[in-house]
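Q: Quick one: sequence plus predicted model below, questions after.
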Protein chains: 2
Amino acid sequence: MKRIIRPGTPVRGSKTGRPIMVLLDLLGRRWALRVIWELSRRPLTFRDLQAACGGISPTILNTRLAELRDADIVSATEGSGYALTKDGEGLLAEFIGLHDWAERWAKRRS
Amino acid sequence: MKRIIRPGTPVRGSKTGRPIMVLLDLLGRRWALRVIWELSRRPLTFRDLQAACGGISPTILNTRLAELRDADIVSATEGSGYALTKDGEGLLAEFIGLHDWAERWAKRRS
DNA sequence: ACTTGATGCTACATATTCAGTAGCACATCG
DNA sequence: CGATGTGCTACTGAATATGTAGCATCAAGT
């Protein structure tokens, strides 16, 4: 079950390992974006995170967490569960506008 | 196989249909981010897009395209294949910094 | 010491999704 | 009439996600 996701290593659809491709592969897995989103407000325990994601199965949550931790985007704190790392915060900042965009998008389409 | 993805309709892990949840569900499907990324430079035909994504199977490409078109993020032009809509361009702009972030991320981890 | 509850996490069977290949129907070009 | 390019579907098998149960550990309470 070794599935390292790191810049420089080939990913699905791109053998070059270009960082952006690696990142898109990592974020383009089910629940990855959502997990980051839920952690953006505050750290959450495994179970709270599970609940925040609407009852996501622990299997896949654990898999995503392992990948995100391996990528240094999420880290396990002691006491308060999981949190975004400094890198994770920076990444989040890059698409923090998504929320507002989504709201405008919803208005436009209704 | 009707799978409408629109703000207001419930998605996996969120019954509320909050726009951001709908968007995260939509973008959090395999190849969705990558497709948007590849279309960001220029319009591409179905087959070129397929090649740009490293040989993604036409089945799933077509599925993603249908979803993105339904969401008005991608549109089919006549003559030159698929392109981002105005909405799609706006969305892209929200995470255009991803590329630079990914480059810095790669440096940090090497 | 013994329960009680919360933690992170694993096992396993099932359902859904994705991948990979082949090929169709249509259009354009020579 | 081929030959090529288009968007796209069918089909099978592989990979991934879901859903439920439950384990091991720890801290607090009685």
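A: Received the coordinates, thanks.

Q: Below-threshold pLDDT in chain A: ranges please.
A: A:1-5 (pLDDT under 70).

Q: all helices of it, in order?
A: In chain A, the helices defined using DSSP state H lie at A:19-27, A:32-39, A:46-52, A:58-70, A:86-94, A:98-109.

Q: how about the closest residue to A:Asp87 other than its chain neighbours, what does it touch?
A: In space, and not counting its chain neighbours, A:Asp87 is closest to A:Asp72: 5.1 Å by CB to CB, 6 or more residues apart in numbering or on different chains. For the C-beta atoms, the positions are set from N, CA and C on the backbone; glycine is no exception. With contact set as CB atoms under 8 Å, 6 or more residues apart in numbering or on different chains, A:Asp72 has these partners: A:Thr85, A:Asp87, A:Gly88, B:Arg108, B:Arg109.

Q: JSON lines for those, including neighbour count and distance to A:Glu103?
A: Output for the contacts of A:Asp72, formatted as JSON lines (neighbours: other CB atoms under 10 Å in any protein chain shown; distance: CB to CB, whole Å):
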{"residue": "A:Thr85", "neighbour count": "17", "distance to A:Glu103": "28"}
{"residue": "A:Asp87", "neighbour count": "18", "distance to A:Glu103": "27"}
{"residue": "A:Gly88", "neighbour count": "21", "distance to A:Glu103": "23"}
{"residue": "B:Arg108", "neighbour count": "12", "distance to A:Glu103": "32"}
{"residue": "B:Arg109", "neighbour count": "13", "distance to A:Glu103": "34"}
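
Q: Present these as CSV; the columns should include distance to B:Trp101.
A: Formatted as CSV, the contacts of A:Asp72 follow (distance: CB to CB, whole Å):
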residue, distance to B:Trp101
A:Thr85, 13
A:Asp87, 9
A:Gly88, 11
B:Arg108, 10
B:Arg109, 12
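
Q: wouldn't A:Ile94 be in contact with B:His99 here?
A: Residue A:94: Glu, not Ile. No - contact criterion CB atoms under 8 Å: A:Glu94 and B:His99 do not qualify, at 9.3 Å.

Q: sorry, back to before: can you lay out the helices of chain A as JSON lines showing distance to B:Leu65?
A: Below are the helices of chain A laid out as JSON lines (distance: least, CB to CB, whole Å):
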{"stretch": "helix A:19-27", "distance to B:Leu65": "17"}
{"stretch": "helix A:32-39", "distance to B:Leu65": "20"}
{"stretch": "helix A:46-52", "distance to B:Leu65": "31"}
{"stretch": "helix A:58-70", "distance to B:Leu65": "25"}
{"stretch": "helix A:86-94", "distance to B:Leu65": "25"}
{"stretch": "helix A:98-109", "distance to B:Leu65": "18"}
